[in-house]
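Colleague: below are the sequence and a predicted model for it; my questions follow.
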Amino acid sequence: MAVQGDKYTFNEKNIGIAPDEPGVYALYDGNAPIYYGSSTKSIRDRLQSHFDGDDGPSTKGASSYRRETCNNGLQRERELLQAFKNQNKALPRCNDVIP
């Protein structure tokens, strides 16, 4: 299970076109997902926060992202993290817990 949609380079230009809506997103280092997150208000704002380093250095170095709008982002984030953990026996390197 993965975040649906196109993969975008993790830069300010592409963050600026991300939806200002709730949903989930995945940050990648190359092809490997390093973080799954959700937003109840704005995917764009959350991505910008990661890009700016406000959420720590781990996610700031992402190279690309995918995003998916949905009304219950937290539930979708949990599903994504659980599926990743089931497949890889661990969470992505920048996720500490399943919320």
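Modeller: In hand now; what should we look at?
Colleague: tell me the contacts of Phe51?
Modeller: Phe51 sits next to Phe10, Asn11, Glu12, Ile15, Lys60 when contact means Cβ atoms under 8 Å, 6 or more residues apart in numbering. The C-beta positions use only the backbone N, C-alpha and C, and glycine is treated the same way.
Colleague: pLDDT value on it, please?
Modeller: We have a pLDDT of 96 for Phe51.
Colleague: for the residue of the chain most remote from its centre, phi and psi?
Modeller: In the chain, counting by Cα atoms, centre = their mean, Lys89 sits farthest out from the average C-alpha position, at 19.1 Å. Dihedral pair for Lys89: phi 60, psi 20, per degrees, to the nearest 10.
Colleague: same question for Val3.
Modeller: phi -60, psi 130.
Colleague: next one: Arg67
Modeller: Reported as degrees, to the nearest 10, the phi and psi values for Arg67 are phi -140, psi 150.
Colleague: ok, it to Ala90 distance?
Modeller: Applying Cβ to Cβ, to the nearest Å, the value for Arg67 to Ala90 is 23 Å.
Colleague: dump the residue contacts of Asn72.
Modeller: Contacts of Asn72 by Cβ under 8 Å, 6+ apart: none found.
Colleague: tell me the spacing between it and Asn88.
Modeller: 24 Å.
Colleague: likewise Thr59?
Modeller: As for Thr59, its distance to Asn88 is 18 Å (criterion: Cβ to Cβ).
Colleague: show me where the protein has strands.
Modeller: Listed in chain order, the strands of the chain (DSSP state E) span 8-9, 23-29, 32-39, 64-69.
Colleague: the shortest one packs against which elements?
Modeller: Taking 3 or more Cβ pairs under 8 Å, 6 or more residues apart in numbering; DSSP states H and E as contact, the helices and strands that strand 8-9 lies on are strand 64-69.
Colleague: tell me which residues of the lengthiest helix in the chain come out buried.
Modeller: Secondary structure of the chain per DSSP state H: the longest helix is helix 73-88. Going by neighbour count (16 or more other Cβ atoms under 10 Å), the buried part of helix 73-88 is Gly73, Arg76, Glu77, Arg78, Leu80, Leu81, Phe84.
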